[in-house]
Structure formats: C-alpha cells, structure tokens
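1. Model the structure of this input:
(one chain, ligands or ions: 2)
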Amino acid sequence: MDIRLGNGFDVHAFEEGDHVVLCGVKVPHDKALKGHSDADVGMHAITDAIYGALAEGDIGRHFPPSDPQWKGAASEIFLKHAVLLAREKGFEISNIDCTLICERPKVGPHATAMMDALAQITGMAMDRISVKATTSERLGFTGREEGIAAIATATLVKP
Ligand SMILES: Nc1ccn([C@@H]2O[C@H](COP(=O)(O)O)[C@@H](O)[C@H]2O)c(=O)n1
Ligand SMILES: C[C@@]1(CO)OP(=O)(O)OP(=O)(O)OC[C@H]1O
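-> Numbers count the residues shown, from 1 in each chain. Ligands and ions are numbered 1, 2, ... in the order given. A predicted model of the protein is given here:
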C-alpha cells in the first residue's frame, strides 16, 4: 500500500467587496478576497495539499496566475483537476482537513455547507472532509483583518 500525506498553505488579501468565497461557499462579508481567480483560499490550500501528496508541484504550476484563462475562475476547476490527477495515478483521497485562519467572517455557521460543497466537488464522503477555523487572537495580518490564511492536509492511498 502506498500512503501519501500532502500539505497546502495559501493567503489572500482583502479588498473592497461584499462577500468571500470559502471552500466553495459564498459567505456574506464587508470585504472580498483579492485574487486572479475567485480567491477561494481554503480550496487553494486543499488543492495544493493534493498536489503535494502526488509530488506534482503546486496550483500555480498547473494554473499559472499569468494565464488570463483563469481570471475570475471558480476554484473548483483547480480542485477537480487535482482529484482527477490523483485518480489517474491510482490514488483515492482518504481525507482532507482544512483550517481557515481569520477573525471574520465566522466560519462555524457555514462549515457544514463548505464540507458539503467539497464532498460534491471531490466525490468524497462527508465524513472524510473537515473544515474548521481559528482566529489568530488579533495577532499578525489575519488578526488585523488584512486577509485570510488557510492550511490544509490531504491523505492519499493507493491500495
Ligand atoms: N473565523 C473564525 C474563527 C473562529 N471560529 C470558531 O471560534 C472558535 C474559537 O476561535 P479561537 O481562535 O478563539 O480559538 C474556533 O475554534 C472556531 O470554532 C470560527 O467559527 N470562525
Ligand atoms: C489560483 C491562481 C490561478 O491563476 O490564482 P489566484 O486566485 O491568484 O490564487 P493564488 O493562490 O494566489 O495563486 C495560484 C494561481 O494558480
């Protein structure tokens, strides 16, 4: 059996706006996240965790930020690609765990919807997907509400 662990980390800065997209869910907020794509920081970290487990580089290698094709793209495109690549290489994704780091918005009320969205996109069972959150106790750039950070791990198994 071949068991792989991957990690991913991403940050997006806030800009003016009225919602953020986190793990596939549109969450009303008094700011938006800035990015070449929809800036779904959680989904980017998860996608990078899968690429990492496969030793397939990172999201920017597969979807360069310099490519206008990805301007405003829905980040499920990136996650679906990583999942497909894993399956093509004979791996099943055993679990995904993602932590969103921000003071606001509060993630708790949206966590189930986020896990449901990730289950739909990946084809994984809900009980293998975890989305949670922490503040940084008002410290650093997340504490100053300048942006949101996300960290993720993924375990891949080839029987
Ligand atoms: N954006 C966030 C941040 C935190 N939570 C929830 O609050 C709990 C306490 O956060 P601390 O940083 O004070 O440990 C945390 O465990 C989450 O359940 C949240 O929902 N959204
Ligand atoms: C997702 C991509 C797509 O162009 O762009 P961004 O939305 O800016 O996201 P980031 O995590 O900064 O970089 C990775 C890029 O591949």
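2. Leu54 touches Ile93, doesn't it?
-> No - using Cβ atoms under 8 Å, Leu54 makes no contact with Ile93, being 10.4 Å away. In short, each C-beta sits where N, CA and C put it, glycine included.
3. between the two, who's got more neighbours?
-> Neighbour count, other Cβ atoms under 10 Å: between Leu54 and Ile93, Ile93 has more, with 24 against 18.
4. hey, what's that one bridged with?
-> Leu156 (DSSP bridges).
5. Contacts only, for it.
-> Counting by Cβ atoms under 8 Å, 6 or more residues apart in numbering, Ile93 touches 50, 83, 86, 122, 124, 128, 154-156.
6. just curious, which of the residues you listed is nearest to ligand 1?
-> Distance to ligand 1, by Cβ to the nearest ligand atom, is smallest for Arg128 among the contacts of Ile93, at 20.0 Å.
7. any idea how far the closest one lies from ligand 2?
-> Relative to ligand 2, Arg128 is positioned 24 Å away (Cβ to the nearest ligand atom, to the nearest Å).
8. That residue: neighbouring residues, count only.
-> The number of residues near Arg128, taken as other Cβ under 10 Å, comes to 17.
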